[in-house]
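Undergrad: Okay, structure incoming, though there's no sequence with it:
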């Protein structure tokens, strides 16, 4: 009878593991339709706002096949997997509330948003035609993607920079300015439509993570951390999604010889066989509909006769959550990343925590444009990107760790956490919540009786 009861409880546990069904992943055709709709909306509503906020009336985005400007990629239709030949986009704000002019100095329209403005039969030289388009509009400022601080905004190649200055008359050369602020604003800001779907993208990521940190994947004493990593890679591929970085899986344990808690983030964790009593941590990110997730979550491997993680590990995990709360309370429009970092570290240390903050924007890139809030090796502030201010409707990976000394292990553990959140101008909210308790492996142990 007890054996039958065990089997019954085991089957029930597997049911609960799959009870949260994976949302339907759109077909590639459906994804393209959604992304093109989003792009059209962004061009019509968000782009004018960003350009006017930064006082720029003309923005040139120039790139070519196999060397696409990061911003250029964000303007391409979903069915364009790269630029074609040399692609020149000209965005002009005529002012007085009129719609933006969005032109392609190219042989063809660039999707719905950029209309063809070059006929090679009338003017064989593409650069001369670009200069003519600029002269006809006589802009006050001509923004180009050259940036000291952001790779996202530094996509104008050396050759194209030379060509532009070769063809532009001197009076127009004097109007060239960096497009850093509009490029970052364009890339970092999420529309209402995007945010509505972003929550479900994070839900998908959470469900995949939960699968990997369960008895579906982990057999204590058998499964290695590398097995978990490659499960994630295969699972992501099978769902038709993309991993934007190789996942990592590491363990901390009550073993004097185990020193994972001291590993530099410059190095990957060593492979290990997952054992009962281990604290397992993963770092994981997917791309879906052009939006990226970046998540770190944790599990405890139950020992025989255990039904929950030890109280000291639960308490250590709670301190990590507290550090997240201190950080997200610092989000305020106009405050820069370095200010948020300094305030968070000061307040956390005053509470007796041992924090390390390295949070970053997330969106069209995994490490996206926007204010850097610390880096793991820059806890006194980040030059350049840490000085950029916070704007509403921007998304972040709330990424950090807190060290806690465990007398039971006679050493520290490092509670490493990361969840995706949005700052709406007033508050920070998590797109699909956050992990508030350690996953238990196996889950079945919680549901079984004596």
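TA: Perfect, I can see it now. None of the values given here were measured: they were computed from a predicted structure.

Undergrad: for the stretch 101-250 of the chain, what are the low-confidence residue spans?
TA: For the stretch 101-250 of the chain, not a single residue meets the criterion pLDDT under 70.

Undergrad: the strands in it, which residues?
TA: If you assign secondary structure with DSSP state E, counting those that start in this stretch, the strands in the stretch 101-250 of the chain sit at 101-104, 115-116, 142-144, 176-178, 242-243, 248-252.

Undergrad: can I see the domain layout of this protein?
TA: The record assigns the chain these domain ranges, following automatic domain parsing: 28-187, 191-446.

Undergrad: pLDDT weak spots in the stretch 301-450 of the chain?
TA: When the per-residue scores of the stretch 301-450 of the chain are filtered using pLDDT under 70, the ranges that remain are 444-450.

Undergrad: Okay, helices next: where are they in it?
TA: Using DSSP state H, counting those that start in this stretch, the helices found in the stretch 301-450 of the chain span residues 311-328, 337-350.

Undergrad: for the longest one, packing partners?
TA: With contacts defined as 3 or more Cβ pairs under 8 Å, 6 or more residues apart in numbering; DSSP states H and E, the packing partners of helix 311-328 are helix 337-350, strand 355-357, strand 394-406, strand 411-423. To be clear about C-beta, it is placed using only N, CA and C from the backbone, and glycine gets the same treatment.

Undergrad: for the third one, packing partners?
TA: Spelled out, it's strand 394-406. Packed against strand 394-406, as judged by 3+ Cβ pairs under 8 Å, 6+ apart, are the following elements: helix 311-328, strand 355-357, strand 360-361, strand 411-423, strand 428-430.

Undergrad: Between strand 411-423 and it, find me the angle.
TA: Computed with axes from the mean of the first three to the mean of the last three Cα atoms, to 10 degrees, the direction of strand 394-406 lies at 160 degrees from that of strand 411-423.

Undergrad: neighbours of residue 98, just the number please.
TA: Taking other Cβ atoms under 10 Å as the criterion, the count of residues near residue 98 is 10.

Undergrad: For residue 57, see how far away it is.
TA: Residue 98 sits 11 Å away from residue 57 when distances are taken as Cβ to Cβ, to the nearest Å.

Undergrad: related to what we said a few turns ago, which stretch among the domains of the chain comes nearest residue 21?
TA: Nearest of those to residue 21, taken as Cβ to Cβ: domain 191-446 at 8.4 Å.

Undergrad: so how far is the closest one from its chain's centroid?
TA: Going by Cα atoms, centre = their mean, to the nearest Å, the spacing between the C-alpha centre of domain 191-446 and its chain's C-alpha centre is 12 Å.

Undergrad: now stretch 135-150
TA: 27 Å.

Undergrad: That one: which residues count as buried?
TA: 137, 139, 142, 143, 144, 145, 146, 147, 149, 150 (16 or more other Cβ atoms under 10 Å).

Undergrad: The fourth one and residue 310: what is the separation?
TA: Residue 143 sits 56 Å away from residue 310 when distances are taken as Cβ to Cβ.

Undergrad: what do you get for the fifth one?
TA: Counting by Cβ to Cβ, the separation of residue 144 from residue 310 is 57 Å.

Undergrad: residues contacting residue 156?
TA: Residue 156 makes contact with 62, 69, 144, 145, 146, 164, according to Cβ atoms under 8 Å, 6 or more residues apart in numbering.

Undergrad: mind checking the end-to-end distance for stretch 401-421?
TA: The first and final residues of stretch 401-421 sit 17 Å from each other (Cα to Cα, to the nearest Å).

Undergrad: Make residue 1 into 22 and carry on from there
TA: Sounds good: first residue 22 from here, last item stretch 422-442.

Undergrad: Return the set of buried residues in that stretch.
TA: By neighbour count with 16+ other Cβ under 10 Å, stretch 422-442 contains the buried residues 422-425, 427, 430, 432-442.

Undergrad: Do I have it right that residue 349 meets residue 449?
TA: Yes - judged on Cβ atoms under 8 Å, residue 349 makes contact with residue 449 at a distance of 4.0 Å.

Undergrad: Between those two, point out the one with more neighbours.
TA: More neighbours surround residue 349 than the other of residue 349 and residue 449, with 20 against 17 (other Cβ under 10 Å).

Undergrad: just to revisit the earlier point, which members of the buried residues of stretch 156-171 are the farthest-apart pair?
TA: Within these, two members stand farthest from each other by Cβ to Cβ: 158 and 170, at 28.4 Å.

Undergrad: got the angle for the longest helix along the chain vs strand 415-427?
TA: In the chain, ranked by residue count with DSSP state H as the criterion, the top helix is helix 213-233. Here helix 213-233 points in a direction 30 degrees away from that of strand 415-427 (the same axes, to 10 degrees).

Undergrad: hmm, who's touching helix 213-233?
TA: Taking Cβ under 8 Å, 6+ apart as the rule, helix 213-233 contacts 38, 41, 43-44, 46, 55, 58-59, 62, 211, 238-239, 249, 252-253, 256-257, 260, 262, 270, 303, 305-307, 309-310, 312, 314, 316, 318, 414, 416, 441, 443, 452-454, 456, 460.

Undergrad: What's the PyMOL line that selects buried ones from the residues you listed?
TA: Selecting only the buried members of these in PyMOL, with burial defined as 16+ other Cβ under 10 Å, works like this:
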select buried, resi 38+55+59+211+238+239+249+252+253+256+257+262+270+303+305+306+307+309+310+312+314+316+318+414+416+441+443+452+453+456+460
